[in-house]
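*Asks:* sequence first, then the predicted structure, then my questions.
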Amino acid sequence: MLAEQGADARSLGIREAAKAAGLDGVIVTSDESIAYLTGFRPMQLERLFAVVVTEAGGSVVVPALDVGQLTDAPPSLERVSYTAASDGMAELVAALGGVRSVGVEEDHIVFARAKALEQQGISLAPAGALVFALRARKSADEIEKIRRACGVIEDALRQVFAELRPGDVEWEVNARVESRLREQGATDTHALILFGENAANPHGQPGPRELRNGDVVCADLSACIDGYWGDLTRCATVGPPTEWARRAWEVVREAQAAAIEACRVGVTAREVDLAQRTLVEAASELGQCLHGAGHAIGLAIHEPPFLVPRIETPLEEGMVLTIEPGLYQPGIGGIRLEDDVVVGVDGPQILSTISLDLVELSSS
């Protein structure tokens with residue numbers, strides 16, 4: 001397993017990667033990357049938050065009202081705060097210490113701020129991949145946090161399946177589950193429990209649909225605990241499964257097993273997707289293959305590498321991936337199975353323990 005990564009070591013990793021890329025420094029602005037370097041997850045509204053890493057050192061730039069939340073940030077990061085009289089840009093430029101070639105998280109930095117930096121003579125380059133390359137390989141402590149999140153989600157899945165009955169309403173069920181996850185320490189949650197034909201839309205919104213006899217239930221729960229996300233999906237039927245539900249579940253279960261087995265060091269993201277896609281697309285009479293095999297997970301619920309046909313990124317030890325093949329039949333329902341999997345030196349390791357079984361709910 002990978003060694004622990006202290007906050008100072010993480011800043012050093014970015015410093016070394018920036019130097020190798022020919023950059024004088026890096027500005028990190030996304031919530032998750034700031035948390036990765038400081039232990040502080042900001043509330044991103046209109047105010048600037050940033051971590052600056054240069055060869056000379058590093059700084060964390062925050063509004064004055066947030067300085068008190070930096071207790072876990074490493075001492076090597078200088079605290080730079082600004083008042084409401086500033087937009088933070090002058091302080092950010094000063095923290096760069098005169099460096100001119102700077103990497104930024106190009107998918108996150110606000111356009112106006114990027115232009116303001118360029119007007120100060122600072123040359124910007126994309127560095128999102130540089131930052132993610134470091135975040136992708138989870139330490140043993142990070143993996144245990146994801147495992148803990150999975151455990152809380154497992155308990156919620158068992159409870160919801162034990163309680164679901166015909167007449168229950170989608171949005172009420174989802175609200176109850178999110179509340180329970182927060183009671184167990186989740187700082188952020190996403191419950192997506194869909195009934196019947198609604199489950200044919202993988203990202204459908206829970207609504208007033210009532211649960212009926214014969215329905216398929218697709219329950220996708222995710223929760224962020226101690227900064228790290230877990231994400232699991234299981235399915236059930238109200239009463240005995242229909243022939244479609246049984247066959248679709250068997251195909252998806254086999255596809256998930258194949259994709260998990262492919263989660264090995266050196267295998268590319270697209271090869272993991274192909275392992276499940278070959279099986280799911282061969283069962284087109286049962287439904288559509290609407291998405292890839294999954295994605296990485298950690299400080300964010302969706303992180304690269306994404307397990308889709310166009311991504312050639314090779315897997316590395318310590319990556320944590322969701323593996324979630326599915327089959328979706330419009331007007332009938334959807335079956336998806338999802339687990340969080342560590343890419344280990346000796347092969348894949350599943351972080352959850354809850355059964356993959358197609359649960360049969362009471363019909364009365």
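*Replies:* Perfect, thanks for sending it. Residues are numbered from 1 along each chain as shown.
*Asks:* wait, residue 53 touches residue 17, no?
*Replies:* No: the pair residue 53 / residue 17 is not scored as a contact, 9.6 Å apart, by Cβ atoms under 8 Å. (Each C-beta comes from the backbone N, C-alpha and C, glycine too.)
*Asks:* so between those two, which is more surrounded?
*Replies:* A direct count of neighbours by other Cβ atoms under 10 Å for residue 53 and residue 17 places residue 53 higher, at 29 against 19.
*Asks:* which SS class is residue 278?
*Replies:* helix (DSSP: H, G, I helix; E, B strand; the rest coil).
*Asks:* quick one: residues contacting it.
*Replies:* Applying Cβ atoms under 8 Å, 6 or more residues apart in numbering to residue 278 gives the contacts residue 258.
*Asks:* just residue 146 next, same as before
*Replies:* 138, 228-230, 297-298, 320, 340, 351.
*Asks:* give me that answer again for 6 Å
*Replies:* 228, 230, 320, 351 (Cβ atoms under 6 Å, 6 or more residues apart in numbering).
*Asks:* and of those residues, the nearest to residue 196?
*Replies:* Proximity of those to residue 196 was ranked by Cβ to Cβ; the top entry is residue 230 with 26.3 Å.
*Asks:* just the C-alpha atoms of the strand or helix carrying that closest one, please, in PDB.
*Replies:* Secondary structure assignment for residue 230, by DSSP states H and E: strand 228-238. C-alpha atoms of strand 228-238 as PDB (Å, rounded to 0.1, in the frame of the first residue of the first chain):
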ATOM      1  CA  TYR A 228     -13.800  11.600   1.200                       C
ATOM      2  CA  TRP A 229     -16.700  10.200  -0.900                       C
ATOM      3  CA  GLY A 230     -18.100   6.700  -1.100                       C
ATOM      4  CA  ASP A 231     -20.500   5.700  -3.800                       C
ATOM      5  CA  LEU A 232     -22.500   2.500  -4.000                       C
ATOM      6  CA  THR A 233     -25.500   1.200  -6.000                       C
ATOM      7  CA  ARG A 234     -27.800  -1.800  -5.400                       C
ATOM      8  CA  CYS A 235     -31.100  -2.800  -6.900                       C
ATOM      9  CA  ALA A 236     -34.300  -4.400  -5.700                       C
ATOM     10  CA  THR A 237     -37.700  -5.500  -7.000                       C
ATOM     11  CA  VAL A 238     -41.100  -5.200  -5.300                       C
END
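*Asks:* run through who's touching that strand.
*Replies:* Contact with strand 228-238 is made by 145-146, 149-150, 153, 157, 161, 213, 215-220, 222-223, 245, 297, 301, 322, 324, 335-336, 338, 340, 352, 358-361, 363, as judged by Cβ under 6 Å, 6+ apart.
*Asks:* ok, stretch 184-200 next?
*Replies:* Counting by Cβ under 6 Å, 6+ apart, 152, 170, 173-174, 177-178, 181, 204, 209, 211, 215-225, 328-331, 333-334 sit against stretch 184-200.
*Asks:* which positions in it come out as buried?
*Replies:* 184, 186, 189-200 (16 or more other Cβ atoms under 10 Å).
*Asks:* what's the answer for stretch 137-153, then?
*Replies:* 137-139, 142-143, 145-153.
*Asks:* in a markdown table, list those residues along with secondary structure.
*Replies:* Listed next are the buried residues of stretch 137-153 as a markdown table, based on three-state DSSP:
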| residue | secondary structure |
| --- | --- |
| 137 | coil |
| 138 | coil |
| 139 | coil |
| 142 | helix |
| 143 | helix |
| 145 | helix |
| 146 | helix |
| 147 | helix |
| 148 | helix |
| 149 | helix |
| 150 | helix |
| 151 | helix |
| 152 | helix |
| 153 | helix |
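*Asks:* quick one: which of those residues is nearest residue 288?
*Replies:* residue 153 (26.2 Å).
*Asks:* what pLDDT does the model give that closest one?
*Replies:* Looking at residue 153, its pLDDT is 98.
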